[in-house]
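> no sequence for this one, just the structure:
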C-alpha cells in the first residue's frame, strides 16, 4: 500500500473544495434584493419542462439558540413528505408550557417561490447584468406575477412576461422598507425598455442557461432535520443524549391515569398545514 504523500493531500483538498463549491453554487445564483433599489428583470420559462418554470416550496428558519446564527432547511412538505420540525413545533404548541410556546414562535415556516430570470439591471450588483439568475420571492410578488398570468392583467401581459423579444415585458421589482421588513407591493410589469436587442441565438442561449430550481436547496433527511432541531432549538449536542420528555402537569397526569382524558398523538405533518388553525379546536 502506498504511503501518504503531499500530492494525495492536494487531491483530497481539491475534492473537498469542489464539494463545498457545488453545495453553495445554488444559493449563489439567487439575486439579492435590497431595500431602496428597483431591479429590472425578465422572467424565464423552463422551455424543456414548462411545469418546472416555478418551484413552490416551504422553508423553516430561525436564529439558532445554540450558536446565534440563522439556520434554515427546506421543509419536506414541499414534496408531500412528513416534516419532523413541523411535528415538533406542533407538539410544543399543543402540549408545551406558555414559555415553550413563546419560544417556538422563533421558528418561521415561510412559503417561497423560485424562478429563473434574465437580469437587465441590478443596481446593487452590476455584475449580474446580462446574466441568468434565480429570483426568490414570497406572497407579495407571487400575487403580482399570478395576476399577470391569469388575473386581471392577463389580457395585457400573459405570455409576454416570459418573452425575450421586443414583444416581451420587463418586471420592475421595487424594494421598499416597511417597518422591519421589505415590501414589494409597488413592483409591476412594464413595456418600458422592452426591446432588449437580443439576437435569436442569444435568446436561445439564455433560455438554455436556466438553473435547476429544485436542486438549489438540498432536502435533508428526516434524521438530519430532527438533529437540526435538537442542536439549534433544544441545544442538545449530537454526542449528548436528548433529555427525557417532561411529564405532563399533575392534573393532566391524574386525568390520563383515570381514563377521563385521552391524549392524541401529534399528526404527521405532510402538507401545507396552518399549525395555529390545527390548534384552535384543541
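Right, received. Where do you want to start? What you are looking at is a predicted structure, and each value in this text was computed from that prediction instead of being measured.
> Run a quick neighbour tally on the closest residue to residue 26 other than its chain neighbours.
Excluding its sequence neighbours, the residue lying closest to residue 26 (C-beta to C-beta, 6 or more residues apart in numbering) is residue 216, at 3.5 Å. From N, CA and C alone the C-beta is placed, and that goes for glycine too. Residues within reach of residue 216, counting by other C-beta atoms under 10 Å, total 19.
> what sits against residue 216?
Taking C-beta atoms under 8 Å, 6 or more residues apart in numbering, we find residue 216 in contact with 26-27, 29-30, 55, 114, 134.
> Let me see the ranges of the helices in the stretch 1-150 of the chain.
Ranges of helices within the stretch 1-150 of the chain are 6-28, 84-95, 98-104, 139-150, based on DSSP state H, counting those that start in this stretch.
> thought residue 188 was touching residue 144?
Yes. Contact criterion C-beta atoms under 8 Å: residue 188 and residue 144 qualify, at 7.0 Å.
> And the two? Which one has more around it.
The neighbour count for residue 188 versus residue 144, taken as other C-beta under 10 Å, is higher for residue 144 (21 against 15).
> give me every residue that touches that one.
Contacts of residue 144 by C-beta under 8 Å, 6+ apart are 184, 187-189.
> try residue 45
Here residue 45 is in contact with 53, 162, 207 (C-beta under 8 Å, 6+ apart).
> mind putting the contacts of residue 144 in TSV, distance to residue 235 and pLDDT included?
TSV is the format used below for the contacts of residue 144 (distance: C-beta to C-beta, whole Å; pLDDT from 0 to 100):
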residue	distance to residue 235	pLDDT
184	35	98
187	40	98
188	45	98
189	47	97
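> Return the closest of these with respect to residue 42.
residue 189 (10.0 Å; C-beta to C-beta).
> Tell me how many other residues surround the closest residue to residue 42 other than its chain neighbours.
Excluding its sequence neighbours, the residue lying closest to residue 42 (C-beta to C-beta, 6+ apart) is residue 118, at 4.5 Å. By other C-beta under 10 Å, 24 other residues sit near residue 118.
> Please tell me I have it right and residue 118 contacts residue 132.
Yes. Between residue 118 and residue 132 there is a contact under C-beta under 8 Å: 5.9 Å.
> Give the residues shared as contacts by these two.
Shared contacts of residue 118 and residue 132 (C-beta under 8 Å, 6+ apart): 44, 206.
> can you list the weak-confidence ranges in the stretch 1-150 of the chain?
Scanning the stretch 1-150 of the chain for pLDDT under 70 picks out 1-25.
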